[in-house]
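Model the structure of this input:
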Amino acid sequence: MKLQQLEAGQVVTLEILVGDSSFELKTEVVGTNAGTGALVKPYVYNDTVVDFTQGSPKSMSFSLHCIDPKTGGRVVWKNVAVHLVKFKGVDYYAIDSSDFGTIAASSERREDVRVMVKKPGSAMMEDGRRFAVTVLDVSDRGVSFVGNANRVTIGDKVEINFADVAHKIDISLGIMVQIVRAEVHKDGILYAGKVLERDNKLLAYLCFKGMDRKANN
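Okay, here's the model as predicted:
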């Protein structure tokens, strides 16, 4: 399968690799041509298209994943070039590559990338109760936080809200989690929640934080 064989409307995953960390953003193909490879919808935050290559560390690289419609298998183009381009007045990511490979779905899963946060926030229960928390760390699979409320039990669903700055962008997050662990902590109760939905905003936040960490090292 060649990159130019991607079809408009096809869902693809752009993987952003920074050092030993990787983050995935789902997007959609809008068209292909021999000159620019594939054009895909960009990530938009606060009505602004995010250019991941602008001021990014040299260690950043990209891979593009999709399902081959003919075989049903997962395929990947590694080390693709990603550029922000304008076509008919609209911004897109242009993705081009000369390398192509396939990987098994079972071996494609990456390690859980955890970002240290340590920011104040709040947790809102399904019944509307809200209490203050300190968000300790976040990944695309889980959130750890400390709170003083003792009425939250394992299995409860709560929304964790906090704000942070990542790659010079102010980001406010609301992450729905299900409590999987609760234990006594010196500052209250330590909770671990499993993320119920990985949206693009969370994934972009993790990516930006990874870029910041790599740039500061």
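
use CA for all of it now, contacts and neighbours both
Will do.

dump the residue contacts of residue 38.
Counting by C-alpha atoms under 8 Å, 6 or more residues apart in numbering, residue 38 touches 3-4, 6, 29-32, 94-96.

if we go to 10 Å?
Residue 38 sits next to 3-8, 29-32, 82, 92-97 when contact means C-alpha atoms under 10 Å, 6 or more residues apart in numbering.

Narrow the residues you listed to just the buried residues.
Judged by neighbour count, with 16 or more other C-alpha atoms under 10 Å as the criterion, the buried members of the contacts of residue 38 are 3-4, 6, 29-32, 82, 92-97.

So which of the residues you listed belong to strands?
Applying DSSP state E to those, the entries found in strands are 29-32, 82, 92-96.

Checking residue 203 next. Helix, strand or coil?
helix (DSSP: H, G, I helix; E, B strand; the rest coil).

gap between it and residue 69?
26 Å (C-alpha to C-alpha, to the nearest Å).

ok, those two, which is more surrounded?
When residue 203 and residue 69 are compared on other C-alpha atoms under 10 Å, the one with more neighbours turns out to be residue 203, at 18 against 12.

Next, find the distance separating that one from residue 94.
20 Å.

try residue 71
From residue 71 to residue 94 the distance is 25 Å (C-alpha to C-alpha).

Backbone dihedrals for residue 145, please?
phi -150, psi 160 (degrees, to the nearest 10).

Bridging across strands, which residues link to it?
residue 135, residue 191 (DSSP bridges).

so who does it touch?
So residue 145 contacts 117-123, 133-138, 160, 182, 188-193 (C-alpha under 10 Å, 6+ apart).

Show the buried residues in the residues you listed.
Looks like these have 117-118, 120-123, 133-138, 160, 182, 189-193 buried, using 16+ other C-alpha under 10 Å.

next helix or strand past the helix or strand bottoming out on mean pLDDT in the chain?
Ranking every helix and strand in the chain by mean pLDDT, DSSP states H and E puts helix 105-108 at the bottom, with a mean of 36. The element immediately downstream of helix 105-108 (helix or strand, assigned by DSSP states H and E) is strand 115-125.
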